Each structure stands twice: as C-alpha cells, then as structure tokens.
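# What would the 3D arrangement of this be:
(one chain, ligands or ions: 1)
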Amino acid sequence: MRVDFTKMHGLGNDFVVLDARARELPAIDQDIARALADRRTGIGCDQLIVLEPSDTADFRMRIFNHDGGEVGACGNASRAVALLHGSPADVETAGGTIRVEPANDGASVDMGEPRFDWDAIPLAYGMDTAAMPVGWDGLDQPGAVNVGNPHVIFFVPDTDAVPLETLGPEIENDALFPERVNVNVATIESRTHIRLRVWERGAGLTRACGTGACATAVHAMRRGLVEREVRVTLPGGDLTIGWGEDNRITMTGPATESYRGSFDWSDFA
Ligand SMILES: N[C@H](CCC[C@H](N)C(=O)O)C(=O)O
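Model (predicted):
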C-alpha cells in the first residue's frame with residue numbers, strides 16, 4: 001500500500017505528517033512510528049503526526065515521538081498542521097482540544113489552559129510545582145507545568161552552559177515523573193524575552209519545542225519574572241507566547257512544508 005506523507009517543520013523541529021482523514025490507514029503502533037521516525041533507515045523526524053477524523057472537533061491529531069511513544073501535545077506540529085489544513089480549525093489531541101489559525105508563513109495556536117497541580121503534571125508525589133524542592137547536578141528549584149504534555153523548567157544563567165545531553169535523559173526518566181518529562185533550561189533575558197533549550201521526552205535535543213516554550217513562558221509569568229506576552233528564542237528561532245486573562249495560552253510562530261513524498265507501508269510494517 002503506497003502512503004503519501006508531507007515533511008514539515010516548525011523552527012527545525014521536524015515532522016512526518018500522514019493525513020488519514022479522507023483515506024483510512026492501517027493501524028499505527030509504536031514500532032511503525034519508530035521505524036518511520038528513524039533518520040537512518042526511515043523517513044526521519046522528531047515526531048510522526050497522523051491526522052484522523054474526529055467526533056468532537058474538525059479533526060484529530062495524533063502525535064508519536066521519535067521513540068514511538070504516543071503523547072498529548074506538540075506545539076510546533078500544531079502550527080505545521082494549521083498551515084497544511086489551510087483554514088482555522090479545532091483540533092482534538094490526547095492532551096485536549098486546541099484551536100489553530102494559519103497566518104502568512106505560520107500559525108497561531110490556542111493551546112488551552114495550563115495545569116499546575118502536581119497530579120496533573122503528573123508527579124509521583126505532592127509538592128509546590130512553582131518551586132519544586134528538588135535538584136540535579138546544579139539545576140535546582142524547577143517549576144512544572146502541563147500544557148497537554150508534562151514539562152519541568154529550570155532557570156539558568158546560560159542555557160548553553162548546561163550539559164543537557166546528559167542531564168536531559170537523567171531528568172526525563174527520573175521516578176519523580178511517572179510519565180517521564182520534557183526538560184527545559186531557560187535564561188530570562190528581559191521581561192519580554194526568554195532564551196530556551198529543550199531536551200524532549202522521547203525525542204532528545206530538538207531545534208525547538210513549542211509546548212516547552214509555552215510551559216516555560218507560563219512558569220516565568222507565574223513567578224512574576226516576565227510580562228504576559230514574551231518572545232522565546234530557541235536554537236531554531238523565535239516564538240511568541242501569550243497567557244491571556246482567560247487563562248488560555250497562545251503560541252504564534254512559523255511553520256514550513258519541506259517536501260511531499262510517499263512510501264510503501266509494507267517497508268515499515
Ligand atoms: N516530546 C514531547 C512531544 C513533542 C513536543 C514538541 N515537539 C513541541 O513542539 O511541543 C512530549 O513527549 O511531550
């Protein structure tokens with residue numbers, strides 16, 4: 001069975017997008033997702049995105065990390081899907097329903113409301129998620145926010161000085177995080193500018209993480225460190241994050257279609 005795909009990215013965080021809204025695809029499992037995401041033997045991407053019909057929204061977006069794990073949110077992919085869809089839409093995800101609005105060379109996404117309760121992150125036991133009494137090798141007193149997926153956020157003097165390639169997986173897989181976690185290290189450059197690097201759960205170091213930018217901005221706002229709209233600079237570029245009086249997070253930034261292709265399903269199944 002030949003299957004079409006669209007290769008896309010948001011600030012270098014890249015995706016293989018399969019559109020199963022008009023044509024049903026065979027069942028996708030962790031093994032197939034991992035095989036397609038593999039950069040050596042597959043098509044290669046940080047996340048595999050599958051669009052499907054939905055009973056509760058305009059359509060459904062399923063998100064599989066590079067390691068095959070299915071997760072609840074992907075900010076950069078939400079903008080890519082907005083560009084692909086071409087008009088405003090409500091999109092069902094495992095982490096909640098979001099609203100995407102395509103704009104010139106990207107999109108704005110209403111990512112919904114952040115969750116701060118320890119058991120909504122989730123954490124293995126109760127604590128103050130605005131200033132957690134934990135630390136790892138010089139990274140301490142983080143915050144935690146769920147924006148459809150779990151994030152832990154550390155403020156540091158210099159994001160580039162943090163050995164995220166070793167500390168990231170250590171924290172990602174710590175027993176404190178029963179569903180693992182995305183690890184954010186951020187520097188507050190000003191009241192309207194944050195610099196951010198992310199070790200992503202199930203994908204490792206990526207060029208950008210949209211939900212990481214949302215979680216980090218909201219945590220910094222919660223601590224009173226920045227205004228309610230900030231520019232977040234990731235290795236791949238900038239996103240604008242707002243946290244409205246309605247408690248909803250808005251993320252605005254670029255999205256890019258790289259190329260279109262097709263593959264034979266039996267090569268990966
Ligand atoms: N690694 C994330 C999913 C992708 C998030 C990131 N690519 C984004 O743009 O939000 C997780 O396991 O929750």
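# Please report phi then psi for the residue nearest in space to the middle of the chain.
Centroid-nearest residue in the chain: Cys74, 3.4 Å away (criterion: Cα atoms, centre = their mean). Dihedral angles phi and psi of Cys74 (degrees, to the nearest 10) take the values phi -150, psi 100.
# What mean pLDDT does stretch 51-59 get?
Mean pLDDT, computed over stretch 51-59, is 98.
# Ok, stretch 66-73 next?
98.
# try stretch 198-214
98.
# Spell out whether that stretch and the ligand are in contact.
Yes. Using Cβ under 6 Å from any ligand atom, stretch 198-214 comes into contact with the ligand via Glu200, Arg201, Gly202, Ala203, Thr206, Cys209, Gly210, Thr211. (Each C-beta comes from the backbone N, C-alpha and C, glycine too.)
# count of neighbours near the closest residue to Gln141 other than its chain neighbours?
Spatial nearest neighbour of Gln141, excluding adjacent residues (Cβ to Cβ, 6 or more residues apart in numbering): Ala131 at 5.3 Å. For Ala131, the neighbour count with other Cβ atoms under 10 Å is 12.
# pLDDT score assigned to Ala131?
98.
# hang on, it packs against Asp140?
No. Counting by Cβ atoms under 8 Å, Ala131 does not reach Asp140; the two are 9.8 Å apart.
# returning to what we had before: of all the residues of stretch 198-214 next to the ligand, which two lie farthest apart?
Gly202 and Gly210 (15.1 Å; Cβ to Cβ).
# So these two - more neighbours on which side?
Legend: neighbour count by other Cβ under 10 Å for Gly202 and Gly210, higher for Gly210 (30 against 21).
# Can you tell me how far that one is from Tyr125?
Counting by Cβ to Cβ, to the nearest Å, the separation of Gly210 from Tyr125 is 29 Å.
# Quickly check: stretch 33-50 near the ligand or not.
Yes. Remark: stretch 33-50 sits within contact range of the ligand at Asp46, Gln47, by Cβ under 6 Å from any ligand atom.
# And that stretch, end to end?
End-to-end distance of stretch 33-50 (Cα to Cα, to the nearest Å): 10 Å.
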